[in-house]
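*Asks:* next input, structure requested:
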Amino acid sequence: MTFRFIILAAGKGSRMKQDLPKALTPIGGKPILQYLYESIQATGLDPDPIVVIGPERVPLCETFGGSCHYVVQEKQLGTGHAVAVTQEAVGSADAVMVLYGDHPFITSESLLKLTQRHQDRGNVVTMMTTHLQDFEGWRKAFLYWSRIVRGEDGHIVRDVQYKDATEEDKKITEVNPCLYCFDANWLWKNITFLKNENAQQEYYLTDLIALAVEQGQTLSSIEVAPEEVIGINTQDERDIAEALLAKRYEST
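*Replies:* I've put the predicted structure just below:
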């Protein structure tokens with residue numbers, strides 16, 4: 001099975017309050033995107049990952065000497081739209097892995113575990129999730145993440161964006177880092193069905209989960225530690241990531 005990796009890095013990152021593109025924010029002296037790039041390279045699955053960039057067309061990977069295939073998302077219409085514009089670049093790959101340019105700590109081991117689960121189960125969607133004991137302390141960084149809703153049988157039923165969530169939904173402590181592996185044929189056939197009927201009026205990639213469930217398709221998840229899927233959207237979250245990295249170095 002052949003895989004292509006897509007890194008979504010077209011967001012303006014306005015909450016970072018900096019001129020530097022969010023994906024180039026340094027953590028431990030190294031850009032977020034470089035961490036992701038090195039993890040992808042270590043899998044040996046895709047030597048030339050696709051990076052979705054905004055209309056500013058900032059050549060992100062060149063800042064650290066990486067080799068990436070760039071695709072421009074001219075309008076910021078959401079994550080579903082960002083993936084849709086990569087179809088031609090993905091080509092004939094069997095599966096598509098979608099990552100975000102604000103997750104520095106995803107390991108190659110987790111990426112390989114996800115791809116292996118995807119192959120073993122024959123899924124149309126395989127995803128990472130993480131459980132939190134609460135949203136206190138450094139885990140407050142996950143408070144506004146979408147929640148994973150499971151049925152009585154333990155299977156994933158849907159993903160609920162925080163801004164669209166009920167108070168009951170917000171109590172769920174399993175959250176979605178939005179890191180997916182898709183069957184390519186299924187993805188391209190169904191991504192056109194996404195609608196922007198939500199608070200943000202954007203095309204959510206996460207809505208593909210509910211679509212797969214409605215179709216009775218096979219999907220499953222692997223669990224990863226919260227420390228591995230921390231996202232960087234604000235300077236406070238950057239400080240949290242720096243502290244987690246320092247703690248990691250102390251334990252090695």
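*Asks:* just give me the longest helix of this protein.
*Replies:* Determined from DSSP state H, the single longest helix within the chain is helix 235-250.
*Asks:* so where do the strands sit in the protein?
*Replies:* 3-8, 26-27, 30-31, 50-53, 69-72, 95-100, 125-131, 147-150, 156-160, 174-175, 180-183, 219-223 (DSSP state E).
*Asks:* looking at the ones you listed, which has the lowest confidence?
*Replies:* Lowest mean pLDDT of the strands of the chain: strand 156-160, a mean of 88.
*Asks:* and the angle for it with strand 219-223?
*Replies:* 70 degrees (axes from the mean of the first three to the mean of the last three C-alpha atoms, to 10 degrees).
*Asks:* which elements pack onto strand 156-160?
*Replies:* strand 147-150, helix 207-214, strand 219-223 (3 or more C-beta pairs under 8 Å, 6 or more residues apart in numbering; DSSP states H and E). Any C-beta I mention is one placed from the backbone N, CA and C, and that applies to glycine too.
*Asks:* would you reformat these as CSV and include mean neighbour count and distance to residue 70?
*Replies:* Shown next, in CSV, are the helices and strands packed on strand 156-160 (neighbours: other C-beta atoms under 10 Å; distance: least, C-beta to C-beta, whole Å):
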stretch, mean neighbour count, distance to residue 70
strand 147-150, 19, 32
helix 207-214, 19, 24
strand 219-223, 17, 29
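*Asks:* out of these, which gets nearest to residue 114?
*Replies:* strand 219-223 (5.7 Å; C-beta to C-beta).
*Asks:* what's the angle from that closest one to helix 207-214?
*Replies:* 130 degrees.
*Asks:* mind checking how far strand 219-223 is from the chain centre?
*Replies:* Put simply, strand 219-223 sits 14 Å off its chain's centre (C-alpha atoms, centre = their mean, to the nearest Å).
*Asks:* tell me how many other residues crowd residue 44.
*Replies:* Residues lying near residue 44 (other C-beta atoms under 10 Å) number 9.
*Asks:* to clarify, my last question referred to residue 174.
*Replies:* Residues contacting residue 174 under the criterion other C-beta under 10 Å number 16.
*Asks:* and for it, nearest residue in space, chain neighbours not counted?
*Replies:* residue 148 (4.4 Å; C-beta to C-beta, 6 or more residues apart in numbering).
*Asks:* and residue 112, by the same measure?
*Replies:* In space, residue 112 is closest to residue 43, 5.4 Å off (C-beta to C-beta, 6+ apart).
*Asks:* mind listing what the one you found touches?
*Replies:* Taking C-beta atoms under 8 Å, 6 or more residues apart in numbering, we find residue 43 in contact with 108, 111, 112, 115.
*Asks:* ditto for residue 107
*Replies:* By C-beta under 8 Å, 6+ apart, the contact set of residue 107 is 39, 228.
*Asks:* distance of it relative to residue 114?
*Replies:* For residue 107, the distance to residue 114 equals 11 Å [C-beta to C-beta, to the nearest Å].
*Asks:* ok, now residue 95?
*Replies:* Taken as C-beta to C-beta, the span from residue 95 to residue 114 is 10 Å.
*Asks:* shared neighbours, the two?
*Replies:* Shared contacts of residue 95 and residue 114, counting by C-beta under 8 Å, 6+ apart, come down to residue 181.
*Asks:* where does pLDDT dip in the stretch 51-200 of the chain?
*Replies:* By pLDDT under 70, the stretch 51-200 of the chain has no low-scoring segment.
*Asks:* where along it do the helices fall?
*Replies:* Secondary structure of the stretch 51-200 of the chain by DSSP state H, counting those that start in this stretch: the helices cover 79-84, 87-90, 108-121, 167-170, 184-190.
*Asks:* now do residue 233 against residue 114, distance only.
*Replies:* 23 Å.
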